[in-house]
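Asker: structure, please.
(3 chains)
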Amino acid sequence: MKITTGEIATIVEGTVEGDPDVMIHGPSPIDEGKPGTVSFLSNPKYEQFLYSTNASAVLVHEDFSPLMKINPSLIRVKDVGLSIAKLFEHFSTRKVPSHHISDDAFIHEDAIISPNISVGMFSVISKGAEIGAGSVIHSHVFLGENVKIGKNVTLFPGVKIYNDCEIGDNCVFHSNVVIGSDGFGFSKDSSGNYEKIPHLGKVIIESDVEIGSNSTVDRGTIGDTIIRKGVKLDNLVQIAHNAEIGENTVMAAQSGVAGSSKVGKNCVIGGQVGIIGHLKIADGTMIQGQSGVTRNVRKENSKLYGTPAISYQSYLKSYAHFRTLPDIAKELATLRKEIERLKLINNPQNPEKK
Amino acid sequence: MKITTGEIATIVEGTVEGDPDVMIHGPSPIDEGKPGTVSFLSNPKYEQFLYSTNASAVLVHEDFSPLMKINPSLIRVKDVGLSIAKLFEHFSTRKVPSHHISDDAFIHEDAIISPNISVGMFSVISKGAEIGAGSVIHSHVFLGENVKIGKNVTLFPGVKIYNDCEIGDNCVFHSNVVIGSDGFGFSKDSSGNYEKIPHLGKVIIESDVEIGSNSTVDRGTIGDTIIRKGVKLDNLVQIAHNAEIGENTVMAAQSGVAGSSKVGKNCVIGGQVGIIGHLKIADGTMIQGQSGVTRNVRKENSKLYGTPAISYQSYLKSYAHFRTLPDIAKELATLRKEIERLKLINNPQNPEKK
Amino acid sequence: MKITTGEIATIVEGTVEGDPDVMIHGPSPIDEGKPGTVSFLSNPKYEQFLYSTNASAVLVHEDFSPLMKINPSLIRVKDVGLSIAKLFEHFSTRKVPSHHISDDAFIHEDAIISPNISVGMFSVISKGAEIGAGSVIHSHVFLGENVKIGKNVTLFPGVKIYNDCEIGDNCVFHSNVVIGSDGFGFSKDSSGNYEKIPHLGKVIIESDVEIGSNSTVDRGTIGDTIIRKGVKLDNLVQIAHNAEIGENTVMAAQSGVAGSSKVGKNCVIGGQVGIIGHLKIADGTMIQGQSGVTRNVRKENSKLYGTPAISYQSYLKSYAHFRTLPDIAKELATLRKEIERLKLINNPQNPEKK
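Answerer: Okay, the predicted model is just below:
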């Protein structure tokens, strides 16, 4: 798995400044850099570590100028983040399972299985399910009837997908993700009991979507719940019935979108954010962690914070004053006293006056 | 699966206004209504779509008067919500699995299995477990020793129920729900290490309870955790040890109740709400999403918001002023200056005075 | 399973005040105490129930003095909490499965299995995985390649552990916990699409760690995610890539720590708390439920509240004034009017003046 700095430069389409023949056996963080490893400088806050790191090579932006002499070779690249992704891919030791269908999996005779797929132990592929070429279904996975899985999809152990849901190419779902469970829809009858509303829709997940462990996506009531191309959901995220998440939107852990809300493209949604139902959130909206969005967001690229969420800047300004509310209350009481005194002075009946 | 508008009226106990012989093959949302489908108008905000929808029939409240001429047939009903539930049930294509016990399931010889049940592949039914008539246990389900499952219960793939827990009739638990795991109870010893408190209680879930994907209900320490009849929990909800959730209470996704709290009947608890331990929450309490309840709620039908939660109206009023805190602070500073000026004017030593 | 009060005193290293020969068959809560059971008084709020309980014996602190005559025998102990833990252990009926490796489990021929372990049905132990003596792997568990499990570990049904992760002795993971899924790391390319960053690190969990149902711990990008000795995580908790949780820290349900944050020892983190990425949280920090921590916490034993989190006392004080903001705004408007009136009086051009 060893590789030279020069070969790394080729992989990341960069240029070496220093010895191109240093042998590198893996990556390391710049603040814990070890000889024989390649590190990287993407966050400027970490620049201090560049001058003391023991890493043998460091990926930097092509325009970077060091402030003093440094020991490691530099590999200059256009985009440090993307170069890390490529380089880590190179060093990744995750075995792609050789294509193998376990004898201990159950595959219905009417399922449609492409060549070159893997199915792990104790997985269940139901009647009418389809799996595209190159997909890897790990152990303990359940695919309901007529589920469609695209090409090169990876489903980690314990993923459960209910009947009729459709998953695009290159998706990755981590362990115990649930897709297509019934939405939270009930109708109250006259005696106050709830009657279940059957969910006739399904979930459609487009290509290049990654979903973190134990996240849940409910099926639509009528019409479908839709996750567009390139969406990334972190762990323990909840997407309710009939919601739609726009292309390349990312949602951090433990955030949730309630029923029928439509989130735009390229949004960045922080951890533990909640978005209530039936809203439209414009493209490029950024929502700070733990915010609660209760209104439509019409302006693109808005930045929000708070519960209920207002503009990020407004929330921070108001919160700064919130912290001084005891002082504000005290000053108000002082002003009250001083005004009473002034009123007394200015009162013609006041004996002090005259 | 086709049906006439007249037959629909019979199912929902309504009356047709228009042609009772139109063929309908499924439902559609009113804003995306298609010919040959039945739509519905339950939320008045959507009335505008009634006048342009292409749906062939629309369910409306029996007292509804359209503002202008409309194309679809109307089916007038007492309760649109309940009628939807009934109608969707009719159109639902979810196959009820024919009663079948998989050869690939493990059923202990001392488990008690009623007639007409299903057990899916790779499920485990432990010693002493009981399953009531008509229940459907999907794949990858685990039932611990002496677990009791009522009649007509549905456990979706991956549900895990620890030993001794009791589940009532007609319950539905979605994938990867966990019932009966140990509560979060530890005792700190003199060296600062935590010693586990064994959990001797169990979970009792009464009838007609639905629990969403990946939700968790912990067993009691001593005494039991209890979920009463008709409760509905959304996805990723947490119920801690010895909590009790009252009849027909609903809890939205990612909400949680801490240890030993007793939530009343008919409460409506929003998404991401947290209720701390050892509280009593009165019947009919409504808690806005993301609120944090830290005190007993004694008055029935209270409406709460905020962290810590106060009355809904109070929170919204205070929050409106929170948004203007920078203005409040500025006005306070201005008043201070004006008062200083007035004090100067009113000071007998002030040369300006005289 | 019956035992006398005298034998209980021996187990908990306490002294009986009253009859040492009363037969006890189990514990009960003091407010629902029944004859033939032992109860306990650890929270002083519950002292009232001591005087009316029907429990036959009650564990109390060795220095406790009752305010009036009581019926039950008292068992005086140094630490009521620890004594409960010991006593409950005695009464616990959870069967330790006799060591048995199910024929329906899959164990790779190159896995390393110690004596006296159990492996439940439909579990998968991959190539190179190791399991220490006395460990109990329940059903539907997945252990990836080269996973190392220490001694006396319990993995409840449905736990999934990805390749290369290391778990210390005496750990307990509840159902559907996921360890070692990929962190949430993506790099945006020039067309706005996210490219996945492979995760080369792993998860290291030290000994005596308990993790609640459906919680998730992601593997490191480079370097590892680390959970130190004695940590206790409740249900539905999220630990992101490269985070580190210090010794004996406890985190309540639905809380989360974002990427690369280092949480100190002996911290107490409330439910639904969020800690953003790249922070350091000092030892002994206490964080109130639902708080959002956005800055380093440098001072040990700090107590925090709010979003963004400030000191607990400050938050409560400010929040008390937040609740009166409508009054503050009204008073401010009144002062404004009174000042205008005073300015008028003090204006030399004012005809009222003179």
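Asker: so what's A:Phe322 up against?
Answerer: Taking Cβ atoms under 8 Å, 6 or more residues apart in numbering or on different chains as the definition of contact, the neighbours of A:Phe322 are B:322, B:325, C:318, C:322. To be clear about C-beta, it is placed using only N, CA and C from the backbone, and glycine gets the same treatment.
Asker: helix, strand or coil: sort out whatever residue of the stretch 251-354 of chain A ends up closest to chain B for me.
Answerer: When you check the stretch 251-354 of chain A against chain B by Cβ to the nearest Cβ, the closest residue turns out to be A:His321, at 3.7 Å. Assigned by DSSP: H, G, I helix; E, B strand; the rest coil, the conformation of A:His321 is helix.
Asker: tell me which residues touch it, please.
Answerer: Residues in contact with A:His321 (Cβ under 8 Å, 6+ apart) are A:328, B:325-326, B:328-329.
Asker: pLDDT on stretch A:172-182, on average?
Answerer: When pLDDT is averaged over stretch A:172-182, the result is 98.
Asker: re earlier: in helices, which of the contacts of A:His321 appear?
Answerer: For these, the ones inside helices are A:328, B:325-326, B:328-329, with DSSP state H as the criterion.
Asker: neighbour-wise, give me the winner out of those residues.
Answerer: Counting neighbours by other Cβ atoms under 10 Å in any protein chain shown, the top entry in the ones in helices among the contacts of A:His321 is B:Leu325, with 24 neighbours.
Asker: tell me the domain ranges of chain A?
Answerer: By the record's domain assignment, chain A is partitioned as A:3-91, A:106-313, A:324-354 (automatic domain parsing).
Asker: so which residues on the stretch 1-150 of chain A come close to chain C?
Answerer: The interface of the stretch 1-150 of chain A toward chain C, taken as Cβ under 8 Å from any Cβ of the partner chain, is made up of A:26-29, A:32, A:79, A:81-82, A:84-85, A:88-89, A:91-95, A:104, A:120-122, A:138-140.
Asker: which among those residues count as buried?
Answerer: Neighbour counting by 16 or more other Cβ atoms under 10 Å in any protein chain shown classes A:26-29, A:79, A:81-82, A:84-85, A:88, A:91, A:94, A:104, A:120-122, A:138-140 among these as buried.
Asker: and the residues you listed near chain B, which?
Answerer: Checking these against chain B by Cβ under 8 Å from any Cβ, the ones in range are A:122, A:140.
Asker: give me the residue from the stretch 101-250 of chain A nearest chain B.
Answerer: Taking Cβ to the nearest Cβ, the stretch 101-250 of chain A has A:Ser187 as its residue nearest chain B, at 3.5 Å.
Asker: now that residue, nearest residue through space, not along the chain?
Answerer: Among residues not flanking A:Ser187 along the chain, B:Gly81 sits closest, at 3.5 Å (Cβ to Cβ, 6 or more residues apart in numbering or on different chains).
Asker: same deal with A:Thr307?
Answerer: Of all residues beyond its chain neighbours, the one nearest A:Thr307 is A:Gly292 (3.6 Å), with distances taken as Cβ to Cβ, 6+ apart.
Asker: the one you found touches A:Leu304, doesn't it?
Answerer: No. Checked against Cβ atoms under 8 Å, the pair A:Gly292 and A:Leu304 is beyond contact range at 9.6 Å.
Asker: where does the prediction get shaky in chain A?
Answerer: When the per-residue scores of chain A are filtered using pLDDT under 70, the ranges that remain are A:1, A:93-98, A:348, A:350-354.
Asker: got the contact list for A:Ser261?
Answerer: Here A:Ser261 is in contact with A:240, A:243-244, A:275-281 (criterion: Cβ under 8 Å, 6+ apart).
Asker: same question but for A:Ile281, I mixed them up
Answerer: For A:Ile281, the contacting residues are A:261-264, A:267, A:275, A:293, A:296-297, by Cβ under 8 Å, 6+ apart.
Asker: now, the most widely separated pair of the contacts of A:His321?
Answerer: A:Ile328 and B:Pro326 (11.3 Å; Cβ to Cβ).
Asker: how about the strands in the stretch 251-354 of chain A?
Answerer: When assigned using DSSP state E, counting those that start in this stretch, the strands of the stretch 251-354 of chain A occupy the ranges A:256-257, A:262-263, A:268-269, A:274-275, A:280-281, A:286-287, A:292-293, A:303-305, A:310-311.
Asker: point out the most buried one among those strands.
Answerer: The highest mean neighbour count among the strands of the stretch 251-354 of chain A, using mean count of other Cβ atoms under 10 Å in any protein chain shown, belongs to strand A:256-257: a mean of 30.
Asker: just to revisit the earlier point, the residue of the stretch 101-250 of chain A closest to chain B: what's it in contact with?
Answerer: Contact analysis of A:Ser187 by Cβ under 8 Å, 6+ apart lists A:194-195, A:197, B:79, B:81-82, B:84-85.
Asker: out of the residues you listed, which comes closest to chain C?
Answerer: The shortest distance between chain C and any of these, using Cβ to the nearest Cβ, involves A:Tyr194 and amounts to 24.0 Å.
Asker: got the phi and psi for the closest one?
Answerer: The phi and psi torsions at A:Tyr194 (degrees, to the nearest 10) take the values phi -100, psi 130.
Asker: next one: it from B:Cys267, what distance?
Answerer: In this structure, A:Tyr194 and B:Cys267 are 13 Å apart, going by Cβ to Cβ, to the nearest Å.
Asker: okay, and the common contacts of these two?
Answerer: Contact criterion Cβ under 8 Å, 6+ apart; residues shared by A:Tyr194 and B:Cys267: B:Val250.
Asker: which one of these two is surrounded by more residues?
Answerer: It is B:Cys267, of A:Tyr194 and B:Cys267, that has more neighbours when counted by other Cβ under 10 Å, with 26 against 19.
Asker: name the SS class of the residue nearest to A:Ser187, please.
Answerer: Here B:Gly81 is recorded as helix under three-state DSSP.
Asker: tell me which stretches of chain A form helices.
Answerer: Under DSSP H, chain A gives helices at A:5-11, A:47-50, A:80-91, A:312-323, A:325-345.
Asker: quickly compare the ones you listed and say which is most buried.
Answerer: When you average the neighbours per residue for each of the helices of chain A (mean count of other Cβ under 10 Å), helix A:80-91 leads with a mean of 20.
Asker: list the helices and strands that one packs on?
Answerer: Contacting helix A:80-91 under the criterion 3 or more Cβ pairs under 8 Å, 6 or more residues apart in numbering or on different chains; DSSP states H and E are the following elements: helix A:5-11, strand A:26-27, strand A:37-40, strand A:57-61, strand C:186-188, strand C:194-196.
Asker: please redo it, this time with the cut-off set to 10 Å
Answerer: strand A:3-4, helix A:5-11, strand A:26-27, strand A:37-40, strand A:57-61, strand A:73-77, strand C:186-188, strand C:194-196 (3 or more Cβ pairs under 10 Å, 6 or more residues apart in numbering or on different chains; DSSP states H and E).
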